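Asker: here is a sequence together with a model predicted from it:
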Amino acid sequence: MGDKKFVPVIEGNLRKHMVLLPDVVEEASGIRIFGKLIKSLVFTTDIAIIRNCNANAVMAVYPFTPQPIITHALISCSDLPVFCGVGGGTTTGKRVTNLAEDAEFQGAHAVVVNAPTPNETLEYLHKKVEIPIVITVVSEKTDIGKRLESGASILNVSGAENTPQIVEKIRREFPEVPIIATGGSTEESIRRTIDAGANAITYTPPTNGEIFKEMMNKYRMEKYII
């Protein structure tokens with residue numbers, strides 16, 4: 001027998017149909033935040049997906065101005081820790097801090113700010129919230145040292161196909177900094193990102209429409225008629 005331990009799996013009939021992340025994600029070291037070990041984050045704001053996946057946490061970032069009512073809904077409905085996007089790109093200044101404080105009060109596990117966020121905003125945010133500040137990194141040219149000095153505690157690397165290279169460069173210069181990174185859609189790309197030094201992986205799940213399409217095709221194949 002190898003070193004890998006057997007893990008018993010318990011499933012219910014109704015909860016068997018879930019969004020399951022690739023097994024390779026478990027090879028990540030994880031980041032322990034407030035006692036919880038997080039190796040995987042599902043990148044979605046879809047409550048149905050959040051309630052039916054096996055990720056360790058939720059990366060709730062969306063391409064619109066952050067709104068407290070959306071944050072409240074996600075945290076209230078999620079049975080997973082939620083990392084809430086609070087802006088930093090089009091949403092700037094004091095509003096970012098207000099959104100971050102509100103997210104913390106509602107029970108967010110961390111707040112996520114966009115790549116364009118000024119270091120001055122990070123410094124102010126660091127004084128106002130106790131939960132981790134996650135800064136998004138999209139380029140290897142980012143001054144990581146300054147980001148960390150300004151108050152960021154976790155890096156979220158999202159560099160598309162360049163993600164492994166960016167992660168590897170950061171890891172050489174900052175051996176112990178916590179890194180979350182996008183892993184892509186294949187086991188091979190996820191493993192490459194983990195090997196480069198990522199501690200946790202964000203995974204983009206299929207949409208409801210894509211899952212429905214697969215389900216309906218199955219029904220048609222089975223001639224599901226009542």
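Answerer: That came in fine, so what should we check first?

Asker: quick check, K213 in a helix?
Answerer: Yes - judged by DSSP: H, G, I helix; E, B strand; the rest coil, K213 forms part of a helix.

Asker: neighbours around it, how many?
Answerer: K213 has 12 neighbours, counted by other C-beta atoms under 10 Å. Yep, even glycine has a C-beta here, placed from its N, CA and C like the rest.

Asker: which secondary element of this structure has the worst mean pLDDT?
Answerer: Here the helix or strand of the chain ranked lowest by mean pLDDT, DSSP states H and E is helix 208-221, holding a mean of 80.

Asker: which residues sit against that helix?
Answerer: 19, 46, 48-49, 206 (C-beta atoms under 8 Å, 6 or more residues apart in numbering).

Asker: what comes up buried for it?
Answerer: Buried positions in helix 208-221, judged by neighbour count with 16 or more other C-beta atoms under 10 Å: I211.

Asker: just to revisit the earlier point, among the contacts of helix 208-221, which pair sits farthest apart?
Answerer: A48 and P206 (11.9 Å; C-beta to C-beta).

Asker: okay, helices next: where are they in the chain?
Answerer: Secondary structure of the chain (DSSP state H): helices located at 47-50, 68-77, 94-106, 119-128, 144-149, 163-173, 187-196, 208-221.

Asker: just checking, what packs against the fourth one?
Answerer: In other words, helix 119-128. On a contact count with 3 or more C-beta pairs under 8 Å, 6 or more residues apart in numbering; DSSP states H and E, helix 119-128 meets helix 94-106, strand 110-113, strand 133-137, helix 144-149.

Asker: repeat that for the fifth one.
Answerer: Packing partners of helix 144-149 (3+ C-beta pairs under 8 Å, 6+ apart): helix 119-128, strand 133-137, helix 163-173.

Asker: give me the neighbour count for E161.
Answerer: A count of nearby residues for E161, using other C-beta under 10 Å, gives 8.

Asker: looking at it now. What's its pLDDT?
Answerer: Note on E161: pLDDT of 94.

Asker: with S153 instead?
Answerer: 97.

Asker: quick check: A110 touching P132?
Answerer: Yes - counting by C-beta atoms under 8 Å, P132 is a contact partner of A110 at 4.2 Å.

Asker: common neighbours of the two, please.
Answerer: Joint contacts of A110 and P132 (C-beta under 8 Å, 6+ apart) are 33, 154.
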